[in-house]
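Pasting the sequence and the predicted coordinates here, then a few questions.
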Amino acid sequence: MLDPAAVGRLLGFSLYEGLAFGFVAIGIYLTFRVLSFPDLTVDGSFALGGAVAAVLIVNGVNPFLATLAALGAGLCAGLATSLLNTKLKIPALLAGILMMVALYSINLRIMGRSNLPLLREVTIFSLASRLPGLETRLSYQLVVAGVLAVIVFFILNWFLRTEIGLALRATGDNEQMVRGAGVDTDKTTILGVSIANGLVAFSGGVVAQGQGFADVGMGIGMIIMGLAAVIIGEALFRPKGVARLLLAVLGGTFVYRLVISVALRMGMRAGDLKLITAVIVIIALAVPYLQKKIRREWQPPAARW
Amino acid sequence: MSENKGLLKLKRISKVFSKGSVDEVRALDKINLDVNSGDYIAIIGSNGAGKTTLLNVIAGVYPPENGGKIIVNGREISGLSEYRRANYIGRVYQDPHVGTAAKMSIEENMAMALLRGQPRGLRVASNKQRRELFRVALAPLGLGLENRLNALVGTLSGGQRQALALVMATLSKPAILLLDEHIATLDPRTAQIVLDLTDMVVTREKMTTIMVTHNMELALRYGNRLIMMHKGRIVVDMGQERRANLAVHDLVVAFERASGEEFVDDSVLLRSD
């Protein structure tokens, strides 16, 4: 474990994963934290992104276009979930679960089978590996994920401070006030949930290309991973302001992936991973409540949960 | 009695809660009201008289029932949802938490309020010019909020939040300002600040205002027209002249005569802080 090269590779790989999966965490952050909309579509839309990107790439489409198409497919999935909630008044949790289940069938249809390999296909990573100086797998993975993360960061950091972005953030904070300011909160909810799932599917498209296959089960546990990443990011960096929040969420994803990688190396069985993640999230959610309860400060929350 | 003279016209406004059940409550019973431009109306009445329901119907929280009509500036708005009516209406609620967003900064709250009823786009919501505008609007409060634009609203006291909510409600100069017992939860000193500011803004902008209150003193001291509600109806409606020399006791007498009932709601009498 103390071999510096091995430690470097471990850090580098976790950094890649932190960025590639970080888009999921940002999506989760947008729905759970910014909009107060507990969206469970995520497990389905992550695999949707992987499926769409993989099928298009196998059929010879430019991998950058295929990755953008994954984002578009995720936007549609989020649109469907948010319409179920805002227009048909189905509770947010149920709307998300319904879409997640529906997407399982849809993803199987898209791929035609449960697993689609991309090993000899032209992906965003194989294109990057042709650039000078990016011969090693780690180097081109880091560069691709890094460039995408920077682009997403700048777009979101700008968007969330625009007039529309501000209305979106305020919707999760105080819907009544937002309606009073003349904003249709249905629209801001729809926009936010769509963007969040677009990001999640975008991540699915990138991760599928990075690991060399898309799988119908690749999204399982993504919600919990994203929540864990958000909670870790908030706890470690205590961010204030939009830019720092986005960076904290990416940082949280990196720390989460690093911890998981280290645990796997130390002999943890891969199958136990989701149980341990679930326990981490349970503890993180329960501790603030228990602390308040002991101090007798607890009050029932007033959100969509 | 021309159709366009009044700024706000309410015609046969009714609202029944839990219709058809044993708990049926006729909160508003065929209310007719003409509000003239520049009116500053104080509405008083006991609990359950329908004051807040009336504001909610005007603001669009509930649609009017049985063909009741709401007309602003000659345009019928009865069918418009709450967020569309925000073009015309600014509102301050009893609970300071309702009018402001806690997890956003003062500046971001003000930026939300500035664009009330206007289309929102992809410009960054706040800039130097707007920040200056926010400072100018906040300075008269005398609470120093203009120097704390980046502070999260959740860190402000209830009184500071309510003062901010009032500035936000009037920032875009809406045609009608609705105040729903907006100082009821404030300590006396802050209540006075918010009241003075209300008076200043309403007078300066000649803003048409409807203020709901529990407090008769307040209703006599502020505004130029006084309306008393009882069981979903308007039982007293008096203008400046009639109101000028009244005391709380006279109001009680007026109420008893109009409603045909003895005035028994202690809360109205005792709450004269």
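Received the coordinates, thanks.

From now on I want contacts and neighbour counts done on CA atoms only, so please keep to that.
Fine.

residue ranges with poor pLDDT in chain A?
Chain A contains residues with pLDDT under 70 at A:1-2, A:297-305.

what's the residue of the stretch 101-250 of chain B found nearest chain A sitting at in phi/psi?
Here the residue of the stretch 101-250 of chain B nearest chain A is B:Val124; by Cα to the nearest Cα that distance is 3.8 Å. The phi and psi values for B:Val124, taken as degrees, to the nearest 10, are phi -60, psi 130.

And A:Ile110, by the same measure?
Taking degrees, to the nearest 10, you get phi -60, psi -50 for the backbone angles of A:Ile110.

picking that back up, my guess is the residue of the stretch 101-250 of chain B closest to chain A meets A:Ala167, correct?
No: using Cα atoms under 8 Å, B:Val124 makes no contact with A:Ala167, being 11.7 Å away.

what's the burial count for B:Asn56?
By the other Cα atoms under 10 Å in any protein chain shown criterion, the neighbourhood of B:Asn56 contains 18 residues.

could you pull out the strands for the chain?
With no chain named, the answer covers chain A. Ranges of strands in chain A, per DSSP state E, are A:115-117, A:213-215.

Chain B was what I was after
So, for chain B - with DSSP E - the strands run B:6-17, B:25-36, B:40-44, B:69-72, B:75-76, B:89-92, B:176-180, B:208-212, B:225-230, B:233-239.

ranking these by burial, who's on top?
strand B:89-92 (a mean of 28; mean count of other Cα atoms under 10 Å in any protein chain shown).

If you count contacts, what does that one end up packed against?
Of the remaining helices and strands, those touching strand B:89-92 by 3 or more Cα pairs under 8 Å, 6 or more residues apart in numbering or on different chains; DSSP states H and E are helix B:158-171, strand B:176-180.

relative to strand B:176-180, how tilted is the longest one?
Between helix B:158-171 and strand B:176-180, the angle formed by their directions is 160 degrees, by axes from the mean of the first three to the mean of the last three Cα atoms, to 10 degrees.

got a list of contacts for helix B:158-171?
If you take Cα atoms under 8 Å, 6 or more residues apart in numbering or on different chains as the criterion, helix B:158-171 is touched by B:90-92, B:95-97, B:99-100, B:109-110, B:113-114, B:137-138, B:141, B:143, B:153, B:177, B:182-183, B:186-187, B:190-191, B:194, B:198, B:201.

Kindly report the same for stretch A:101-114.
A:Gly44, A:Ser45, A:Ala47, A:Leu48, A:Ala51, A:Val52, A:Ala54, A:Val55, A:Asp215, A:Val216, A:Gly217.

Inside helices: which ones of those residues?
When the contacts of stretch A:101-114 are checked against helices (DSSP state H), the matches are A:Gly44, A:Ser45, A:Ala47, A:Leu48, A:Ala51, A:Val52, A:Ala54, A:Val55.

Give me the nearest residue to the third one, chain neighbours excluded.
Leaving aside its sequence neighbours, A:Ala47 sits nearest to A:Gly219 (Cα to Cα, 6 or more residues apart in numbering or on different chains; 4.9 Å).

For the one you found, give me its contacts.
A:Gly219 neighbours (Cα under 8 Å, 6+ apart): A:Val42, A:Asp43, A:Gly44, A:Ser45, A:Phe46, A:Ala47, A:Gly204.

Swap in 6 Å and give it another go.
Taking Cα atoms under 6 Å, 6 or more residues apart in numbering or on different chains, we find A:Gly219 in contact with A:Asp43, A:Phe46, A:Ala47.

burial of the first one, as a residue count?
By the criterion of other Cα under 10 Å, A:Asp43 has 29 neighbours.

do the same with the last one
Close neighbours of A:Ala47, defined as other Cα under 10 Å, add up to 34.

got a list of what it touches?
Per Cα under 6 Å, 6+ apart, neighbours of A:Ala47: A:Gly204, A:Val216, A:Met218, A:Gly219.

By neighbour count, which of those residues wins?
A:Gly204 (36 neighbours).

My guess is that one contacts A:Ala51. True?
No: A:Gly204 is beyond contact range of A:Ala51, at 8.1 Å (criterion: Cα atoms under 6 Å).

Please list the residues of chain B that sit near chain A.
Contact residues, chain B versus chain A (Cα under 6 Å from any Cα of the partner chain): B:83-84, B:86, B:99, B:101, B:113, B:116-117, B:120-125.

Determine the longest helix present in the chain.
No chain was given, so I picked chain A. Chain A, longest helix under DSSP H: helix A:185-211.

Switch to chain B, please.
Max-length helix for chain B by DSSP H is helix B:188-205.

which residues sit against that one?
Residues outside helix B:188-205 that contact it (Cα under 6 Å, 6+ apart): B:Gly159, B:Ala163, B:Ile183.

what residues are up against B:Thr208?
B:Ser37, B:Gly38, B:Asp39, B:Tyr40, B:Ile176.

Please name the bridge partners of the nearest residue to B:Gly232 once chain neighbours are set aside.
Counting by Cα to Cα, 6+ apart, the nearest residue to B:Gly232 once its immediate chain neighbours are dropped is B:Leu28, at 3.9 Å. Taking DSSP bridges as the rule, B:Leu28 bridges to B:Lys15.

Relative to chain A, how far out is B:Leu28?
22 Å (Cα to the nearest Cα, to the nearest Å).

right, and that residue touches B:Phe17 too?
No: the pair B:Leu28 and B:Phe17 fails to qualify as a contact (Cα under 6 Å) at a distance of 9.4 Å.

picking up where we left off before, quick one, which of the residues of chain B next to chain A are buried?
Buried subset of the residues of chain B next to chain A (neighbour count, 16 or more other Cα atoms under 10 Å in any protein chain shown): B:Tyr83, B:Arg84, B:Ala86, B:Gly99, B:Ala101, B:Ala113, B:Arg116, B:Gly117, B:Arg120, B:Val124, B:Ala125.

these two touch, right, the last one and A:Thr162?
Yes: taking Cα under 6 Å as the contact criterion, B:Ala125 and A:Thr162 are neighbours in contact, 4.6 Å apart.

any idea how far B:Ala258 is from B:Met228?
Using Cα to Cα, to the nearest Å, B:Met228 is found at 9 Å from B:Ala258.

what's the distance between stretch B:81-88 and the middle of its chain?
15 Å (Cα atoms, centre = their mean, to the nearest Å).

Repeat that for stretch A:227-244.
14 Å.

So what touches that stretch?
A:Asn157, A:Leu245, A:Ala248, A:Val249, A:Gly251, A:Gly252, A:Thr253, A:Tyr256, A:Val281.

Within range of chain B, give me the residues from chain A.
So chain A meets chain B at A:161-164, A:173-174, A:177, A:179-184 (Cα under 6 Å from any Cα).

Please identify which pair of those residues lies farthest apart.
A:Arg161 and A:Gly180 (19.8 Å; Cα to Cα).

Show me which of those two is the more surrounded one.
A count of neighbours by other Cα under 10 Å puts A:Gly180 above the other of A:Arg161 and A:Gly180, at 28 against 22.

any idea how far the more buried one lies from B:Ile234?
From A:Gly180 to B:Ile234 the distance is 26 Å (Cα to Cα).

Quick check, pLDDT for B:Arg271.
The per-residue pLDDT reported for B:Arg271 equals 43.

try B:Glu65
On the pLDDT scale, B:Glu65 gets 84.

didn't B:Met228 look like it was pressed against B:Leu251?
No: at 9.0 Å, B:Met228 does not count as touching B:Leu251 under the criterion of Cα under 6 Å.

Specify which member of the buried ones among the residues of chain B next to chain A is nearest to A:Phe64.
When those are compared against A:Phe64 (criterion: Cα to Cα), the nearest one is B:Val124, at 28.7 Å.

so what sits against both of B:Met228 and B:Ala258?
Joint contacts of B:Met228 and B:Ala258 (Cα under 6 Å, 6+ apart) are B:Val235.

if we can go back for a sec, nearest to chain B, of the contacts of A:Ala47?
A:Gly204 (27.6 Å).
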